Structure formats: C-alpha cells, structure tokens
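Participant: What follows is a predicted protein model with its sequence.
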Amino acid sequence: MSNLDTMSVNAIRVLAADAVQKAKSGHPGLPLGSAAMAYELWAKHMNHNPANPDWPNRDRFILSGGHGSTLLYSLLHLFGYGLTKEDLMQFRQLDSLTPGHPEYRHTRGVEATTGPLGAGMGMAVGMAAAEAHLAAKFNKEGYPVVDHYTYVLGGDGCMMEGISSEAFSLAGTLGLGKLIVLYDSNQISIEGSTDIAFTEDVKKRFEAFGFQTLVVEDGNNLEEIGKAIEEAKADKTRPTMITVKTQIGFGCPAKQGKASAHGEPLGDDNVKALKENLGWPSDEPFFVPDEVYANYRDIASAKAEVEDAWNKMFAEYCEKYPEMKKAWDEEFDFEVAKKLIDDEAFWAYEDKPEATRNLSGQVLNRLKDKVPNLVGGAADLSPSTKTYMKDMGDFSKADYAGRNMHFGVRELAMAAIGNGMTLHGLRAFVSTFFVFSDYVKPMARLSSIMKIPTTYVLTHDSIGVGEDGPTHEPIEQLAMLRSMPNFHVFRPADATETIAAWYCAVTSVETPTALVLSRQNLPQLSGSSKEALKGAYVLEDSTKDVPDAIIIATGSEVSLAVEAKAELAKDGVDVRVVSMPCMDIFEEQSDEYKESVLPKSVRARVAVEALGDFGWGKYVGLDGKTITMKGFGASAPAATLFKKFGFTTENVVAAVKEVIK
C-alpha cells in the first residue's frame, strides 16, 4: 500500500470520526473499520462518474449498514459528488444533505435509502436482477450497453436479519453473477460480541445459497481486498460474498474492537488519539491534505473517461440499431402510460360479475404491451393473485429477459427486491395475499420514503377469503397501509375502478401504490367512472339538493351500499352513495371537490367496509356510524361471514335510519 493510498483511506476515517463527533451523535465504528475496503472498491474497481451520478451504466453501491452513513458521505465528498466539507459538518442536522442514514433522492450519489438492517441487501438483489434483465434485453454482440456490477456492504446485523437470507437465497438460485456482497465481519454487535447470539458459519450459508465465497483475512490490506474483488468479478455465473475481516472502530486505541465504537461519538480525546495513531498531519477537525484531495480528483477524472468510452459505444449502438434506440427510450419513459387515459380498449370490460383480482390480471395483461419496463411477480402466488403476464417469459438463470418474476415464499425480500428493480429504472410490481402485507410493510414503507412507484398487488382483501379463517382474513391491514404518508391504497369496487387503480400505479412518479383486491366476484356498477381517479366520487346521488344521508363504501361493500340506497328509497329516504376506492388520493383533491362529494352540511353518514374501522372517523364524524369489523374473522363460506358480521342490506338500512334520527 502506497503512502498516498494510506492517507486516502485514513481521510475517510478522519472525516467520519469528525462528523460524528461534531454532531455528538452517530456510528463511527463501521466507517473506521470498513474504510480500506470502501476506498479500494471505489478507487480501483467500481465504475462511477462523480460528474454524472445518473450515468446508466454505472456500478451501483449500496451501504446496507446505513447507520455507517459517514463512510458513504466521506466517499461522496472526497470523490467530488458535490458534498462539501460544510455538509459533513452539518451531519445529522435539520435539512442537511448528510442525514443520519443515507436517503435516496436527498443526497447526490446515494443509490438507496438504508438503515433498517438487511434492507439494502434485498434492494441490491433487485438492482442486480434489473441489470441482468436489461442486459438480456438490450445488449448486442460487441455492444454491451448494460454491463455493470452491484456492490452491497453490510455487517453482522445485516446478516442476522432474515431478509438477507431470503434475498440471497433467490440471488443464488438466479445466478446473479454481477452481485458482489462485501461482508464487514468484525464480530461485534451493539450488545457485545456476536457470539452471544450469532455463531453460525455465514460463509457456509452463502455456499448453500449458491454463492462464490471468498475471505479477506486483513481488512486493511488493499491488495488482498482488490484481489478478492477481481476474483468476484471473474465469476460470471454466481453471485459472490466476500468476507472482509475488520475491526470495528479501527485506529482508535480506546475503542478499537469494542462494542462501544458502534453507536456513539468517540469523544474529543479519542478522536485526537485516533489521528495520532493514524499519523494524521493535523488535529484540525475535517482537515484533509491537498495531496489526498488531488488523488481523489485524479481518480474521478479517470472514472469520467470510462463513461466517455461508454457514451461513444452507445452512440454507435443507437446508429447501428435504431430500433433498439427506440426501445431504450420507451423503456425509461415513465410518461408512456399516460397515453392510456383516452384508450377505449384499455378501459373496456365485460358487464358480468368478476373478482377484482381477476380484473386486475386482465388489466395487467393489457399493460404489458403498453409499458415495456413493467416487470414483477408474486411470492409463489401468481395463480391466486393473477399477476402473470402471458407470453412475457419467466425471469430465470436461463432467461433474464423474462418479465415474470418468481420470488418464492419470501414476501419481505420480494418487496425489497421490487424496490431495487424500481430504483434501477424498471416499473416493478410485487404481489401476495393482503393479510401478508404485514410481511411486506417494512419495505413498502421504504418505497414511500424513497418516493419510488413500486406497485403492490394485494389480493384476498377481506373476510371474503372465507373458509381459510382468521389467519388469512385481513382486518387491520388496510388502516396500516393507509396510515403511511406518500402511499396510495386502492380498494376498487368493480372493473372501472380496478383499471383506474392500475392507471394511477403505472403513471405514478413518486408514490407507491397498493391494489387491494377481492377474491369473490363483484358486480359491475353502472355509476362507476374515471372519477375513481380522484380517490372518491358520487356513485349514485340523491334527488335532493341536500341528501338525507351519505353512505360511503369501498370495494365489495359498494354494491351493498347501492342495494341499501334502493331499499331506503322505498321508505322515502333519499341518500347519496359515495365510492371511496382511495382515501389517499381523495385527500389530495381540492377542498371544493371534497366538499362537493362529502358536504359538511350532511352529518348523517355511514361507512361500510369489511375491515377494521380505524381511520373512518374523519369521514363519518361524531354523528356517523361505521359498519366494519370489530374483531378477527372466522372460518366459513364468505356469504355466511358477511351475514354473520353484519354486512347485509338490512343492517346498512338500519344504520342509515339510526344516524338520520
């Protein structure tokens, strides 16, 4: 290792320690221990261009151990991604570009929001899958326009979380040879030695997954790290896991190798001791010698030349294959689906009772030809969730061009992988039964935070699941998903609303969407319309200027509301029926529109939904009533359960009369 390399590695350590110390908050242990492997990777093996962080063929780097964010921020600063020294000084402060954990769309050069341990591992698998898919779709002989690696760095915590096993099991099955996992193995967790809770042989686990496994005994030996990375890149048929043995808090005499280095500032005296121990030329906070900055600038210039060469090749490719240039532009055009708003064939449906999961499957198979980057699948449930795209092939080791993903029974990893594919530029969808959105939710939350439009197809949406009983009948899940900011939850009532839900999903730019769909057949409603795109609308109105009452319903209960309206009319009660397929989008409408649908003057309101009542209070008010689930379901035919739990015309009619009184 040259002296300049040593100084460049130590610059990462010093900046990370100073940032944490100034903030009096943070995690210095990972950056100090992993600095050498990060420098070796970014400086000598990874293709990236700080001048153009969005270069399509860049290698991706995900810091799965997002608590060690100052490692990434130091790299972004030193390589010239636009993070200034002042930005590092504002680590963990309000509105800074250096938040506590890396945030996608917030800080230039951050490929994914990380922090929940293991999540970055799953997203890395998704990115690697996207690379393999796009390469199979676009590369021509002599023109590897998609040819890059996905690197992910994480520690023992990431390896303990079950999501990593789920994701890497699939990665090995798929033979994602351009996925390289850097395992920061320091055998320390927050509570102490990992021996108290984690003694398995991680290397053997990865061998069982189908990975090439390599070991770097000295995490500060750049030559050894570099050799392992090149060996990893040479294996084109298997993903690789490189165990890099490090010491948490390396370089700080009082903290090195100790759990206390993980999640607290080193302290002023220990930062000074760190710099002395590393032979750093100054005690001044955030000081980096000019020759170190010059080294990083030289490396960045060389990286830019790699993109220049790719740009030249891509221009030749476009000239030689104009049809591929057209396909490329359509692949990455997130506006392409907006043309469907006036496409009569897209909005067409048969006037017969149909489960919304079946209708969704029909819409998906219309979309597959209109949205070329639509890719996705199910957690071993596509025959039930109706999420298989006909004639689009299966994504597999034998055919990466296939657009149907088989995630296996791995809901949590599936959602993370879907996020990774979306981050890479695909329109990804994932699916499972709605009750299992409990397994999906942590990664759906990340979709929301990152502002990426991953689509979640969630079927078997209520007690209508029937005979499978309470374990498979969702109750509280709808409120759970609706409670998330920047997340659209659709529960459509018929074909038109299901089409509207998919239209919103595939035209969204910054908001993920969940489609919550029925198992049982539902009638087509004569009053439904594209107004569903506004989240809620008047499905059937009162003949009076001011309705006697308003019934609000979603999904399978909308037809019940329509039936109740007809019965009430026989008794001279004139009500309005409002279908509310998406509360979230309704809340985004103007006050004038919301007032036109739910006028404040009408306080007699009943909400009908075969799930929990949480969240309905804002719409029915103190004078209103809900017909919802108050407990878990039961095992019986669906029709029996709807009757047992009060989802009948008679009960809705009685509730309306009660609120009118």
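Facilitator: That came through, no problem.

Participant: switch to C-alpha atoms for all contacts and neighbour counts from now on
Facilitator: Will do.

Participant: Name the residues linked to residue 578 by a beta bridge.
Facilitator: residue 538, residue 552 (DSSP bridges).

Participant: separation between it and residue 605?
Facilitator: Distance check for residue 578 against residue 605: by C-alpha to C-alpha, to the nearest Å, it reads 10 Å.

Participant: intersection of neighbour lists for the two?
Facilitator: Counting by C-alpha atoms under 8 Å, 6 or more residues apart in numbering, the shared contacts of residue 578 and residue 605 are 550, 551, 552.

Participant: ok, so of those, who is nearest residue 451?
Facilitator: residue 552 (29.5 Å; C-alpha to C-alpha).

Participant: tally of neighbours for that closest one?
Facilitator: Using other C-alpha atoms under 10 Å, residue 552 is surrounded by 27 other residues.

Participant: ok, now how distant is it from residue 353?
Facilitator: 21 Å.

Participant: returning to what we had before: give me the more crowded residue out of residue 578 and residue 605.
Facilitator: Legend: neighbour count by other C-alpha under 10 Å for residue 578 and residue 605, higher for residue 605 (27 against 23).

Participant: Give the bridge partners for the more buried one, please.
Facilitator: residue 550.

Participant: Count the residues that sit near the residue lying closest to residue 397 once chain neighbours are set aside.
Facilitator: The shortest distance from residue 397 to any residue other than its chain neighbours is 4.8 Å, reached at residue 174 (C-alpha to C-alpha, 6 or more residues apart in numbering). For residue 174, the neighbour count with other C-alpha under 10 Å is 22.

Participant: thought residue 174 was touching residue 405?
Facilitator: No - if you go by C-alpha atoms under 8 Å, residue 174 and residue 405 don't touch, sitting 10.4 Å apart.

Participant: who touches both of these two?
Facilitator: In contact with both residue 174 and residue 405: residue 396, using C-alpha under 8 Å, 6+ apart.

Participant: give the contact list for the closest residue to residue 261 other than its chain neighbours.
Facilitator: Nearest non-adjacent residue to residue 261, counting by C-alpha to C-alpha, 6+ apart: residue 29, 4.8 Å away. For residue 29, the contacting residues are 68, 248, 249, 250, 261, 262, 263, by C-alpha under 8 Å, 6+ apart.

Participant: Could you do residue 553 as well?
Facilitator: By C-alpha under 8 Å, 6+ apart, the contact set of residue 553 is 561, 577, 578, 579, 580, 607, 608, 609.

Participant: what's the closest of those residues to residue 47?
Facilitator: Residue 47 lies nearest to residue 580 out of those, by C-alpha to C-alpha, at 48.2 Å.

Participant: which residue sits closest to the closest one, ignoring its sequence neighbours?
Facilitator: Nearest one to residue 580, counting by C-alpha to C-alpha, 6+ apart, is residue 536 at 4.0 Å.

Participant: I'd like to know how far that neighbour sits from residue 284.
Facilitator: Using C-alpha to C-alpha, residue 536 is found at 59 Å from residue 284.

Participant: now swap in residue 165 and tell me
Facilitator: Per C-alpha to C-alpha, residue 165 is found 43 Å from residue 284.

Participant: So for those two, which residue has more residues nearby?
Facilitator: Neighbour count, other C-alpha under 10 Å: between residue 165 and residue 284, residue 165 has more, with 21 against 10.

Participant: is it true that that one touches residue 159?
Facilitator: Yes - if you go by C-alpha under 8 Å, residue 165 and residue 159 touch, sitting 7.5 Å apart.

Participant: what separates the longest helix seen in the chain from the chain centre, distance-wise?
Facilitator: Ranked by residue count under DSSP state H, the longest helix found in the chain is helix 290-320. From the chain centre to the centre of helix 290-320 is a distance of 30 Å (C-alpha atoms, centre = their mean, to the nearest Å).

Participant: What of stretch 245-256?
Facilitator: Chain-centre distance of stretch 245-256: 33 Å, with C-alpha atoms, centre = their mean.

Participant: same check, this time on stretch 76-89
Facilitator: Here stretch 76-89 is found 27 Å from its chain centre; the criterion is C-alpha atoms, centre = their mean.

Participant: Just the buried residues of that stretch, please?
Facilitator: Buried residues in stretch 76-89, counted by 16 or more other C-alpha atoms under 10 Å: 76-85, 87-89.

Participant: what's the distance between the residue nearest to residue 397 and residue 392?
Facilitator: Taking C-alpha to C-alpha as the measure, residue 174 falls 17 Å from residue 392.

Participant: and what of residue 289?
Facilitator: Note on residue 289: its distance to residue 392, by C-alpha to C-alpha, is 55 Å.

Participant: go on, residue 439?
Facilitator: To residue 392, residue 439 is 28 Å away according to C-alpha to C-alpha.

Participant: Other residues contacting stretch 216-232?
Facilitator: When contacts are defined by C-alpha under 8 Å, 6+ apart, stretch 216-232 is touched by residues 1, 33-34, 36-37, 40-41, 44-45, 180, 212, 214-215, 239-247.

Participant: Now it: buried residues?
Facilitator: Neighbour-count burial for stretch 216-232 [16+ other C-alpha under 10 Å]: 216, 219, 220, 222, 224, 225, 226, 228, 229, 232.

Participant: And the second one, how close does it get to residue 227?
Facilitator: Spelled out, it's residue 219. Using C-alpha to C-alpha, residue 219 is found at 12 Å from residue 227.

Participant: The first one too?
Facilitator: When distance is defined by C-alpha to C-alpha, residue 216 is 9 Å away from residue 227.

Participant: Residue 364 too?
Facilitator: 46 Å.

Participant: Which members of the buried residues of stretch 216-232 occur in strands, if any?
Facilitator: residue 216 (DSSP state E).
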